[in-house]
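Visitor: Just need the structure, nothing else, for what follows:
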Amino acid sequence: MQDEFDAHKAVEEAQERGEHAGEAKFRGILLLAALVAVIAAIASLLSNQHATAALQAKNEAILDQAHATDAWNFYEARSIKQHIYQAASDAASQLSATSRAQLAATAKHEGRDQGALLKQAQQYEAQVEVDNRRSEELMHRHEILEASVTFFEVSIAIVSIAGIVASRWLVGVGIVVALIGFGFGIYSFVPTLGL
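Guide: Take a look at the predicted model:
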């Protein structure tokens, strides 16, 4: 026996297939939003790591600057002492030869290691420059990664709205925005020239 066509049953089956297809599309949109959220979390983690490293490099620069200042002060103090003792030795004709010899020896002692002290101060200053450049580059990367995270967050919102209103073009816009965020993320690892 051949079954008769039941229009009501056919409509119900079509609606059920449509609902399942809609659920599959909605799951795909949810999966896309979750994937973008994971990428955003990774970019945010990298951004925070760069910010922390930038602050650490800046702290090292400050510490090196303090060492440089101390080294310069020590160099200057030794230089001033040397000149004072040398001037006293040269100008003190009324002093005994032994006293003048002691002043000259003290002046020579204070003048000793001047080159090493100067070199040390200059090395600290050079390290300050290296640490400052490193800090600036890391902060620059942090800022670019923050822009990347922002684009990912906007993408998640757009894709979520697309899932609610079942709009394919909004999914496309969300994907484009996520790709822009991905581009910023990649760009943050390009070495900066001039920094």
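Visitor: Check the offset of the helix or strand of the chain with the lowest mean pLDDT from the chain's centre.
Guide: Within the chain, no helix or strand scores below helix 97-111, which has a mean of 73 by mean pLDDT, DSSP states H and E. Helix 97-111 has its C-alpha centroid displaced from the chain centroid by 53 Å (C-alpha atoms, centre = their mean, to the nearest Å).
Visitor: Going by contacts, tell me the helices and strands next to it.
Guide: helix 7-91 (3 or more C-beta pairs under 8 Å, 6 or more residues apart in numbering; DSSP states H and E). Any C-beta I mention is one placed from the backbone N, CA and C, and that applies to glycine too.
Visitor: Could you pull up the mean pLDDT of the helix it packs on?
Guide: For helix 7-91, the mean per-residue pLDDT is 78.
Visitor: oh, and call the first residue 59 from now on, that's how I've got it
Guide: I'll keep to 59 as the first residue from here, and by that count the last item is helix 65-149.
Visitor: how many degrees apart are that helix and helix 155-169 in direction?
Guide: Here the directions of helix 65-149 and helix 155-169 differ by 170 degrees (axes from the mean of the first three to the mean of the last three C-alpha atoms, to 10 degrees).
Visitor: Could you check how many residues crowd around the closest residue to residue 119 other than its chain neighbours?
Guide: Excluding the flanking residues, the one nearest residue 119 by C-beta to C-beta, 6 or more residues apart in numbering is residue 189, at 3.5 Å. Burial measure for residue 189: 20 neighbouring residues, criterion other C-beta atoms under 10 Å.
Visitor: cool, residue 176 as well?
Guide: Counted with other C-beta under 10 Å, residues neighbouring residue 176 total 14.
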